[in-house]
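Asks: Generate a structure from the sequence data that follows.
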Amino acid sequence: MIRGIFKFYNLWLSPNKDLANRIKQIVGFTPNRMLIFRQAFSHKSNQRALAKGLQSNERLEYLGDAILGTIVAEYLFKKYPNGDEGFLTKMRSKIVKRKSLNEIADKMGLDILLSEYNNTKLSKSMLGNALEALVGAVYLDAGYHKTRKFIVKKILRKYLDIHQLEHVDDNYKSQLLEYCQKKGAQVSYKVIARYKLDKRDRFKVAVFVDSEKVATADDYNKKSAEQAASQKAIKSLGLLDVSAV
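Replies: The predicted structure follows:
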């Protein structure tokens, strides 16, 4: 009864009623705790909002990352009863990796919400982070069952072609590592520069094969920079067609 009153208020009377309606369209139910959904789209660079006491979405992102990984693992475990550990691990990685989450978040329209609630230039990584934060908010607001329903129906089945993913491998870091292992070579990564861009940290990472620098790349987080550097590396080693890059 009380939750119903809160939901009615959020949809029709609250100052955040526009956000409540957008969230409902995205997740499939009327949100109850609007503050955590507002927090899900608040980036740490938004000093104005943080000054008013609103936390950034980093804690929700942490929670959502763990929950998303668990539910995806459960989904794949049931979908592929004969799949071995290696196959299931690779499939989960393809789904929850930063690039996939960024693309899904963009299709969901999370970029619009981020633009409205932050006064900074958006990056692709912010989209995936916001999606994880949204998952965390859904979990805190509605519990595990509704969160699982949201992830399976509104993310996995709506925005991903699971069967196509079985035949896709764009984990360039993994490809480079496997190639070098076969050749008996050592692969290592090093942050060679860290600087500010649009008030955010940006990393320049170099990839080395047997201590020789093969490629470098920049991004807003180290993992993405390592992937980009690995992609350039396997291209320079002749392992990737130019047309595929």
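Asks: mind giving me the domain ranges of the protein?
Replies: 2-165, 172-244 (automatic domain parsing).
Asks: Residue 217: what's it in contact with?
Replies: Contact partners of residue 217, counting by Cβ atoms under 8 Å, 6 or more residues apart in numbering, are 204, 205, 225, 226, 227, 228, 229, 231, 232. C-beta: built from backbone N, CA, C; applies to glycine.
Asks: Tell me the secondary structure at it.
Replies: In the three-state summary, residue 217 is assigned as strand, counting by DSSP: H, G, I helix; E, B strand; the rest coil.
Asks: which residues does the nearest residue to it once chain neighbours are set aside contact?
Replies: Take residue 217 and drop its neighbours on the chain: the residue closest to it by Cβ to Cβ, 6 or more residues apart in numbering is residue 228, 3.5 Å away. Contact partners of residue 228, counting by Cβ under 8 Å, 6+ apart, are 172, 205, 217, 218, 219.
Asks: Remind me which helix or strand residue 228 belongs to.
Replies: Here residue 228 sits within helix 222-236, counting by DSSP states H and E.
Asks: Find the residue closest to the spatially most central residue of the chain in space, skipping its chain neighbours.
Replies: The centroid of the chain falls nearest to residue 128 when counting by Cα atoms, centre = their mean (2.9 Å). Closest residue to residue 128 apart from its sequence neighbours, by Cβ to Cβ, 6+ apart: residue 101 at 3.3 Å.
Asks: what about that neighbour, helix or strand, and which?
Replies: If you go by DSSP H and E, residue 101 is part of helix 98-108.
Asks: and the residue nearest to residue 100 when sequence neighbours are not counted, how many neighbours?
Replies: In space, and not counting its chain neighbours, residue 100 is closest to residue 94: 6.5 Å by Cβ to Cβ, 6+ apart. By other Cβ atoms under 10 Å, 19 other residues sit near residue 94.
Asks: repeat for the one 3 residues further on
Replies: Residues contacting residue 97 under the criterion other Cβ under 10 Å number 16.
Asks: same deal with residue 58?
Replies: Residue 58 sits with 15 neighbouring residues when counted by other Cβ under 10 Å.
Asks: Isn't it up against residue 44?
Replies: Yes: under the criterion of Cβ atoms under 8 Å, residue 58 makes contact with residue 44 at 6.1 Å.
Asks: Many thanks, I have nothing further to ask.
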